[in-house]
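*Asks:* what's the 3D shape of this:
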Amino acid sequence: MRHPRHVGLAALVLAATASSAFAQRSVNTGAGAGAGGFWELGTDFIGFTSRSFKGGGSDTNFGFGSGNIRAGYFVTEVISVEPTLTFSHNSSKSGGLSSTTSSSTSLGLEVGLLYHLQSDNTQAQWYARPFFGLDNTSSKFGSSPSSSFNQNHVGVGVGYKMPSMMNKKFALRMEAAWTDYLKSGANQGSTQLGVMAGVSVFTK
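*Replies:* The predicted structure follows:
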């Protein structure tokens, strides 16, 4: 007859423990969490990249105004799907009297899957972001006809979001990412390490 009482006591203890854990999780998730269904909109305003070309050579770039526009949708409290539009334009002029102008323009679409290590976006958050994308680059050198090519890329980033002390819906976002640009036609591809920083605003 002692076993049923022990089982009943154990069930009460487990129920109390589960209730306490659920209440604690509710406190930890905060007002900015929930079950998803909200957006993170943002842009990256500063970036540094170091790229190594698989056919030989490398380049390094640092600049303000990266031209990235992000729109991430939270499907759960810790997972968001984030498309990003990217745009860049470079031009240069060389030579004296017979100067030559060269330019290149790149437009891309990237999709990332962000996994956040905790669910409250009103608190500091670490996240991991695997991603893939497609870029179209067109270039022109002097009087030569312009040329263009498409190139796919895949990569992974690790980042940190730090909410504003004045308004928790705004956050500073920083990320370090590794990207592999795949071979496309005569383009042998490249690998890139990059660091970028920007701002985000949450709709919830």
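
*Asks:* so which residues of this structure form helices?
*Replies:* For the chain, the helices defined by DSSP state H cover 2-29.

*Asks:* mind checking the end-to-end distance for stretch 161-180?
*Replies:* Using CA to CA, to the nearest Å, one end of stretch 161-180 lies 24 Å from the other.

*Asks:* residues in contact with that stretch?
*Replies:* Outside stretch 161-180, the residues within contact range by CB atoms under 8 Å, 6 or more residues apart in numbering are 32, 42, 44, 121-125, 127, 129, 131, 153-160, 189, 191-204. C-beta here means a position set from N, CA and C on the backbone, and glycine is covered the same way.

*Asks:* just the buried ones from the residues you listed?
*Replies:* 32, 42, 44, 121-123, 125, 127, 129, 131, 153, 155, 157, 159, 191-192, 194-198, 200, 202 (16 or more other CB atoms under 10 Å).

*Asks:* what is the least confident helix or strand in the protein?
*Replies:* Within the chain, no helix or strand scores below helix 2-29, which has a mean of 39 by mean pLDDT, DSSP states H and E.

*Asks:* could you pull out the strands for the protein?
*Replies:* All strands of the chain, identified by DSSP state E, fall at 39-53, 58-74, 79-94, 100-116, 125-141, 147-163, 170-181, 190-202.
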